[in-house]
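Engineer: need a structure here:
(one chain, ligands or ions: 1)
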Amino acid sequence: MKIGICSALVSIVALINPSTGISQAPNGRHYLSQPLVTSIYTADPSAHVFNGKIYVYPSHDVPTDIPDDDLGSEYAMRDYRVLEMDHVGSHVNIGPVALDLKDVPWASKQLWAPDAAYRNNTYYLYFPARDKEGVFRIGVASSEHPEGPFKAEAEPIKGSFSIDPAVFTDADGQSYMYFGGIWGGQLENWTTGQFKEGTTTDLHQDDKAAIMPKVARLSADMKHFAEPPKDVVLLDEQGKPLLGGDHDRRFFEASWMFRRNGVYYFTYSTGDTHFLSYATGTNPEGPFQYRGHFLLPVQGWTTHHSIVEADGKWWLFYADTQLSNKNHLRNVKVTELHFNADGSIQTVDPFTSN
Ligand code: FUB
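Structural biologist: Numbers count the residues shown, from 1 in each chain. Prediction:
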């Protein structure tokens with residue numbers, strides 16, 4: 001997370017119609033999709049099909065006076081609420097508070113991008129937050145219901161760090177957690193295996209391998225890592241790791257995983273260049289070969305997503321800042337995702353010309 005005051009590409013901001021105060025897409029274009037809900041701000045949508053319905057687990061953005069900074073301090077979220085719909089296009093119900101910061105014993109602030117999973121007749125909510133020392137950890141909470149309320153474990157997942165957990169369960173029943181985020185997400189502080197303040201980031205290692213996202217198999221109770229986290233290795237077309245200086249392609253944050261036609265798709269945000277990108281492989285723990293961008297920059301600094309199959313179609317849930325034109329007050333959206341015959345993903349432009 002970073003606001004990009006110094007970033008290579010400036011994020012897209014909207015024009016405001018002076019008579020209505022409503023955002024208009026820049027350059028005379030139009031938004032591809034409209035916000036799923038407008039009464040609360042939502043971001044980082046992790047969508048799942050449970051019991052034939054679509055549940056979206058987003059961050060719940062809130063207004064704050066904290067100024068934008070390079071650590072994303074203005075993303076001061078304090079609770080989660082779950083969205084639920086019968087199918088894409090139907091009414092979206094906003095659930096009650098599913099988990100509140102005050103009920104997470106180990107956390108101090110910043111409930112960032114969550115995900116959810118179902119196993120053992122239980123729904124699990126995975127979430128990052130800063131602990132009492134200000135270090136991002138990943139917690140788990142459980143519920144009998146997909147919309148919560150969720151009860152948090154007393155401690156974060158042992159061995160967890162950084163942000164943006166995404167949990168994928170393979171056809172054999174094994175679940176994996178993908179996670180990590182550089183800059184405000186602190187991933188670069190963990191290169192020695194211990195948290196080290198001020199560690200050099202990939203910004204200073206442009207000709208070396210980029211800092212990679214992490215993956216760990218989950219235990220059967222879904223509350224522990226069954227192995228130490230390891231790198232999700234992202235390779236270029238020559239089979240070499242993507243480089244730190246390759247900001248158009250290297251991992252920044254917002255991991256997601258899905259499987260289609262036996263191919264594993266690892267998808268993520270490039271952060272300061274504002275793309276959603278993907279890489280494919282034959283093993284859920286990688287390595288993955290870089291394939292391209294599938295979402296062009298949205299309005300706002302962050303870009304984060306999930307991809308899910310529902311009713312025979314593939315859907316991309318994403319977010320922009322249409323409702324507020326403020327980086328930290330986002331709104332989730334959905335659009336259909338299309339694949340080519342070779343499995344490549346057709347690039348989505350979040351704006352249209354008509
Ligand atoms: O919503 C807070 C953070 O912004 C998320 O954890 C990142 O992925 C980015 O979307």
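Engineer: List the residues that contact residue 237.
Structural biologist: The contact partners of residue 237, taken as Cβ atoms under 8 Å, 6 or more residues apart in numbering, are 289, 290. Backbone N, C-alpha and C define where each C-beta goes, glycine included.
Engineer: Could you look up the SS state of it?
Structural biologist: coil (DSSP: H, G, I helix; E, B strand; the rest coil).
Engineer: got a pLDDT number for it?
Structural biologist: Here, the pLDDT recorded for residue 237 equals 97.
Engineer: residues in contact with the nearest residue to residue 100 once chain neighbours are set aside?
Structural biologist: Among residues not flanking residue 100 along the chain, residue 79 sits closest, at 4.6 Å (Cβ to Cβ, 6 or more residues apart in numbering). Shown in contact with residue 79 (Cβ under 8 Å, 6+ apart): 60, 97, 98, 99, 100, 101, 111.
Engineer: Which of those residues lies at the shortest distance from residue 262?
Structural biologist: residue 98 (33.9 Å; Cβ to Cβ).
Engineer: State whether that closest one and residue 84 are indeed in contact, as I suppose.
Structural biologist: No: Residue 98 is beyond contact range of residue 84, at 10.9 Å (criterion: Cβ atoms under 8 Å).
Engineer: Nearest residue to residue 33 in space, ignoring adjacent ones along the chain?
Structural biologist: residue 333 (4.1 Å).
Engineer: Bridged to the one you found, which residues?
Structural biologist: residue 318 (DSSP bridges).
Engineer: My guess is it contacts residue 323. True?
Structural biologist: No: Residue 333 is beyond contact range of residue 323, at 10.5 Å (criterion: Cβ under 8 Å).
Engineer: residues shared between the contacts of those two?
Structural biologist: With Cβ under 8 Å, 6+ apart, residue 333 and residue 323 have common neighbours residue 35.
Engineer: gap between residue 213 and residue 178?
Structural biologist: Distance of residue 213 to residue 178, given as Cβ to Cβ, to the nearest Å: 6 Å.
Engineer: between those two, what contacts are shared?
Structural biologist: 232, 255, 266.
Engineer: Out of the residues you listed, name the ones that lie in strands.
Structural biologist: 255, 266 (DSSP state E).
Engineer: Can you tell me which of the shared contacts of residue 213 and residue 178 lies closest to residue 163?
Structural biologist: With Cβ to Cβ as the yardstick, the closest approach to residue 163 among the shared contacts of residue 213 and residue 178 comes from residue 255, at 9.7 Å.
Engineer: ok, now which ones touch that closest one?
Structural biologist: Here residue 255 is in contact with 164, 165, 166, 178, 179, 180, 213, 232, 266, 267, 268 (Cβ under 8 Å, 6+ apart).
Engineer: Low-confidence bits of the stretch 151-300 of the chain, can you list those?
Structural biologist: Where the stretch 151-300 of the chain drops to pLDDT under 70, the residues are 199-203.
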